[in-house]
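Engineer: Model the structure of this input:
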Amino acid sequence: MNKRTRTAAVSLAAALALGTAGCAGGKDSADGRSRGKNPALVNQGKVVGGTPKRGGTLTVLSNQDFTHLDPARNWVMNDMDFGTRLLYRTLVTYRAAPGPAGGTLVPDLATDLGTPSHGARTWTFHLKKGVRYEDGTPVTAQDIKYNVERSFSPDLPGGADYAARYLAGAGGYQGPADGRHLASVKTPDDHTIVFELRKPFAEFPDVTVMPTFAPVPRARDDGPRYDNRPFSSGPYKIESYGRGKRLVLVRNPHWDPKTDPVRKAYPDRLVVEMGLKANQIDDRLIAGQGPDASAVPWYALRPESAAKVLPRADVRARLLAESTNCTDMVQMHTGRAPFTDVRVRQAVQYALDRDSVLTASGGPAFNDLSTAYMPAALFGGKQPDTLKIPATGNVAKAKQLLKEAGKPDGFSTEITVSSGDKGRAEAIQQSLAKAGIKVAINTVDPSAFYATIGDTKNRTDLVFTGWCPDYPSGSTFLPFVFDGRYIKEKGNSGNHSLFRDRPTMRRMDEIAAMTDARRADRAWRQLDGEILKKAPAVPILVRRWPLVLGGNIAGAYGQTSFGGQLDYASVGLKDPAKSRT
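Structural biologist: Below you'll find the predicted structure:
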């Protein structure tokens, strides 16, 4: 996912925990560079604030709007966490727990994790009874089928495309607007849904965590406008939503906790205040005074604020910093000169000073350098270093490659980044300039970022983004980032290098057909290194997701399945009476 989807399941989260336990860092260090335990990890795998009490208002301070809340379009990690934990339920979900336990797959709308047949080409799910929407009407299997179908609509870009990749007969399907329906999704009754796949897929239950597999009643669907008012099957419903300004959630009176052991729904209300300045959010939560004691941040702590947090034990006690397990990378437009030349792309690989980007990201307390595309958890806990390029780059080698490519004087290009990544972009700009590559920076509001870089005709040559595995398999990483057969003109996701390499795609198909999971894992790892040599993108960092919480917050932890974001299924307040009303 473009900083999208989730990252979990037990084996993945366990590998993550093992991989970070001994991270370097310093006691009371401002950047984590001195020896000793990483000061950012004081609450790793723990619940902060004890058990919440029911009631009160939880406030979320945000510098941005949501990218999408429509479950057919919701494939950005934070938005998925918010949507699937508060507004709508999916066939299966992740357990609400800190650390590795948060990667456990559990039933949600379904009674179990699905039943395979026909060699895992067919998957059957039975729905729980008593699950109702905000108006009291029952959730049906037909509603889930309908949302899966509407996810194919060209008017609703941006969502997960697992259905398009795996459902039988999905080629060319454009959604249900013209009365066409997918024969490969069957609903023999209101509480049974059957998916027929075009090939065996043992990982299909992991996919049904996606918002694509949430219910949408046909009568409530109003196309793109559904983004503003998803109809709730979860514990909260939307009371009001002013785009870019304020979202207010109140309880869904028809949500029955007896059908939902995952979501605790402690607060009476959730208020998301948008359009705030990121530095002000950091400062307000570090101070934690008055109403801000009952507030949490939407986005991660700014790198510039690390020095205000890490030296202070009282603030660190309110800090979460789980790994995103997502690889940040610079992706190059391989279909547009000069990046059609592999030597130019390799020059960018060598010129990039990853260490300077790490510094701009808050230092090693909040980041790990990447030497591969897939995160360490998909390599058994440690990324390989296939190219052995120094962390500070190799400018001489970069200049040599540019000379061989007929660009001895370098060239000019442009990079698009989310506004929150401007400091990282400046570090990239400065390091590439040393090799003669002049980079102009184009910043975009986070809520519009994926739509901007997903417009393949009008985007810049370079983009800075990332990808996260949806579950612990290379099949959820490399094909989504480097398979050219799923590139879209609008709403393009993952493959922002527009990489269309036939040998790579042929090898992906061969690995996908392997029935031995260990053999497939080894093959994905080998393919990672082979793609790296072709240089469609440069892996740079795996970040943590640092969040400073208000002092009245309870039940808080970074959910490893949602890239370290706060788990909205469990968070609440110590004393609801102290919160705003």
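Engineer: use CA for all of it now, contacts and neighbours both
Structural biologist: Noted.
Engineer: Tell me the buried residues in the top helix by length along the chain?
Structural biologist: Criterion DSSP state H: the longest helix present in the chain is helix 517-534. When neighbours are counted by 16 or more other C-alpha atoms under 10 Å, the buried residues of helix 517-534 are found to be A520, D521, A523, W524, R525, L527, D528, G529, I531, L532, K533, K534.
Engineer: Could you do stretch 325-336 as well?
Structural biologist: N325, C326, T327, D328, M329, V330, Q331, M332, H333, T334.
Engineer: per-residue pLDDT, the closest residue to the fourth one other than its chain neighbours?
Structural biologist: Distances taken as C-alpha to C-alpha, 6 or more residues apart in numbering put G466 closest to D328, at 4.1 Å, once the chain neighbours are dropped. The predicted local confidence for G466 comes out at a pLDDT of 93.
Engineer: hang on, the earlier thing: any chance of CSV for the buried residues of stretch 325-336, columns secondary structure and distance to I286?
Structural biologist: As requested, the buried residues of stretch 325-336 are exported to CSV (DSSP: H, G, I helix; E, B strand; the rest coil; distance: C-alpha to C-alpha, whole Å):
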residue, secondary structure, distance to I286
N325, strand, 25
C326, strand, 26
T327, strand, 28
D328, strand, 26
M329, strand, 30
V330, strand, 31
Q331, strand, 34
M332, strand, 37
H333, coil, 40
T334, coil, 43
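Engineer: so which of the residues you listed comes closest to A168?
Structural biologist: C326 (30.0 Å; C-alpha to C-alpha).
Engineer: quick one, phi psi at the closest residue to that closest one other than its chain neighbours?
Structural biologist: Distances taken as C-alpha to C-alpha, 6+ apart place C468 nearest to C326, at 4.2 Å, with adjacent residues excluded. Main-chain torsions, C468, degrees, to the nearest 10: phi -130, psi 140.
Engineer: Buried residues, stretch 113-124. List them.
Structural biologist: So for stretch 113-124, counting by 16+ other C-alpha under 10 Å, buried means L113, G114, P116, A120, R121, T122, W123, T124.
Engineer: I figured the last one hits P188, correct?
Structural biologist: It stands for T124. No - with contact defined as C-alpha atoms under 8 Å, T124 does not reach P188; the gap is 10.6 Å.
Engineer: I figured P539 hits M332, correct?
Structural biologist: No - here P539 lies out of contact with M332, judged by C-alpha under 8 Å, at a distance of 11.5 Å.
Engineer: Just to be sure, D455 is in a strand?
Structural biologist: No - using DSSP: H, G, I helix; E, B strand; the rest coil, the assignment for D455 is coil, not a strand.
Engineer: now E149: how far from A183?
Structural biologist: 10 Å (C-alpha to C-alpha, to the nearest Å).
Engineer: Point out where the stretch 201-350 of the chain drops to low pLDDT.
Structural biologist: Scanning the stretch 201-350 of the chain for pLDDT under 70 picks out no residues.
Engineer: all helices of it, in order?
Structural biologist: Ranges of helices in the stretch 201-350 of the chain, per DSSP state H, counting those that start in this stretch, are 204-207, 278-287, 306-309, 313-316, 342-351.
Engineer: Mind putting the ones you listed into TSV with mean neighbour count?
Structural biologist: Output for the helices of the stretch 201-350 of the chain, formatted as TSV (neighbours: other C-alpha atoms under 10 Å):
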stretch	mean neighbour count
helix 204-207	21
helix 278-287	19
helix 306-309	19
helix 313-316	17
helix 342-351	25
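Engineer: got TSV for those helices, with distance to R85 too?
Structural biologist: Below are the helices of the stretch 201-350 of the chain laid out as TSV (distance: least, C-alpha to C-alpha, whole Å):
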stretch	distance to R85
helix 204-207	16
helix 278-287	23
helix 306-309	29
helix 313-316	26
helix 342-351	39
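Engineer: who wins for proximity to N495 among those helices?
Structural biologist: Using C-alpha to C-alpha, the helices of the stretch 201-350 of the chain put helix 342-351 closest to N495, at 15.5 Å.
Engineer: Kindly provide the distance from K53 to K434.
Structural biologist: 56 Å.
Engineer: Can you spell out which helices and strands pack onto the longest helix of the chain?
Structural biologist: When contacts are defined as 3 or more C-alpha pairs under 8 Å, 6 or more residues apart in numbering; DSSP states H and E, helix 517-534 sits against helix 342-351, helix 502-512.
Engineer: Beyond it, next helix or strand please.
Structural biologist: strand 537-548 (DSSP states H and E).
Engineer: pLDDT on that following strand, on average?
Structural biologist: The average pLDDT for strand 537-548 rounds to 97.
Engineer: Neighbouring strands of that strand in the sheet, and parallel or not?
Structural biologist: Each strand paired with strand 537-548, and its direction, by DSSP bridges: strand 319-332 (antiparallel), strand 367-369 (antiparallel).
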